[in-house]
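Peer 1: what would the 3D arrangement of this be:
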Amino acid sequence: MVYNYKEIEKFGDELFEWYKGMLLKERILHGEVVEMILESVSPLGEFSKDTDYRKLALLTLATRLFNDAEGVKNLLLRGLPSQAQIIVRDIIECIMLFRLFMNNAEFAKRWMMHLVEFQPGDVNAKLLGMGINAREYAFYGLLSHEGHANFLASLSNVQEEEVEEGMRRTFHFGSSRTRSTIFFVQQSFLDLFFLLHLLLTEPLAEYYSQNSETVVYMAWAKKVDKLVSQMEDLVNKPMIGSIEEMTELDQHVKELVEKKMRIKEFKKILSDKNE
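Peer 2: Numbers count the residues shown, from 1 in each chain. Have a look, this model is predicted:
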């Protein structure tokens, strides 16, 4: 089989531009969230030869988090939600390690000097032993499931069309503009914002408050608070494509994903409301 790679690249570019237009709110919010992250870790940029291992470890994780957030965004804007889930898992690992190293310099040194691997389960156990609840860990298993090939993940990269001879399935190098794919992309943005919200309001807020002037930190915290309402708006934002236009399979998949993504819990955590 001969592939026309120029046509594949052209399709990918067109899809990228289409998603950029459809997901304008998500793109703007992503930029604002990343800007708050960069500001909160700015004290880590004050290098010197005497910088301790904990600071170097935290700076490494902050850089990794920034790259991960950008990587997830670009994959989602290319209609590749399944591939993005793998990177979202790394965001969880980075957040947990950031929490751990903030509270234990020896672990940071071991990680930097001896390349000791800290598995998420081990990190969570260590944090619990310190009395720290890493809420992001609850989503690690879910994303591990979503990030591997399975029915729900595979649907986002398959386009089905009824034809005279029955059903035709078209497999893409990239992805498609089907309702299922669009739904997965939007839900994946919610995943990302949920985790970045936890990152900002917990470990980064703690770090920035300890390493900046009070007035500077308070100004930053107020801007972070404003982002919460924007995240809530996205939770309440209707999915692209109406229920009436969806097939029975589309609706079934939508119901399954909504249960798996725990949207109500997401909204509750963001708004601190018991509803």
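Peer 1: please make it C-alpha for all contacts and neighbour counts, starting now.
Peer 2: Noted.
Peer 1: residues near Met102, how many?
Peer 2: The number of residues packed near Met102 is 18, by other C-alpha atoms under 10 Å.
Peer 1: ok, now the one 5 residues further on?
Peer 2: The criterion is other C-alpha under 10 Å. On that basis, Phe107 has 19 neighbouring residues.
Peer 1: give me the residue ranges of the stretch 101-250 of the chain where confidence is low.
Peer 2: Scanning the stretch 101-250 of the chain for pLDDT under 70 picks out 116, 144-180, 236-250.
Peer 1: residues touching the longest helix anywhere in the chain, excluding its own?
Peer 2: Longest helix in the chain, counting residues (DSSP state H): helix 53-77. Contact partners of helix 53-77, identified using C-alpha atoms under 8 Å, 6 or more residues apart in numbering, comprise 15-16, 19-20, 23, 27, 30, 34, 37-38, 41, 44-45, 81, 83-85, 87-88, 90-91, 94, 97-98, 101-102, 105-106, 108-109, 111-112, 185, 188-189, 192.
Peer 1: buried stuff in that helix?
Peer 2: 53-59, 61-62, 65, 68-70, 72-77 (16 or more other C-alpha atoms under 10 Å).
Peer 1: with stretch 206-220 instead?
Peer 2: For stretch 206-220, by 16+ other C-alpha under 10 Å, it's Glu206, Tyr207, Tyr208, Ser209, Tyr217, Trp220.
Peer 1: got a list of what the last one touches?
Peer 2: Neighbouring residues of Trp220 by C-alpha under 8 Å, 6+ apart: Met36, Ser40.
Peer 1: got it, and the third one?
Peer 2: Taking C-alpha under 8 Å, 6+ apart as the criterion, Tyr208 is in contact with Ser40, Val41, Pro43, Tyr217.
Peer 1: and with 6 Å instead?
Peer 2: Listed by C-alpha atoms under 6 Å, 6 or more residues apart in numbering, the contact partners of Tyr208 are Ser40.
Peer 1: spatially, what comes nearest to Glu32 if we skip its sequence neighbours?
Peer 2: With C-alpha to C-alpha, 6 or more residues apart in numbering as the criterion, Glu32 has its nearest non-adjacent residue at 7.9 Å, and that residue is Leu227.
Peer 1: what is the burial count for the one you found?
Peer 2: What Leu227 shows, counting by other C-alpha under 10 Å, is a neighbour count of 17.
Peer 1: and it, what are its phi and psi?
Peer 2: phi -70, psi -30 (degrees, to the nearest 10).
Peer 1: any idea how far it is from Ala57?
Peer 2: 28 Å (C-alpha to C-alpha, to the nearest Å).
Peer 1: same thing with Leu29?
Peer 2: Taken as C-alpha to C-alpha, the span from Leu29 to Ala57 is 28 Å.
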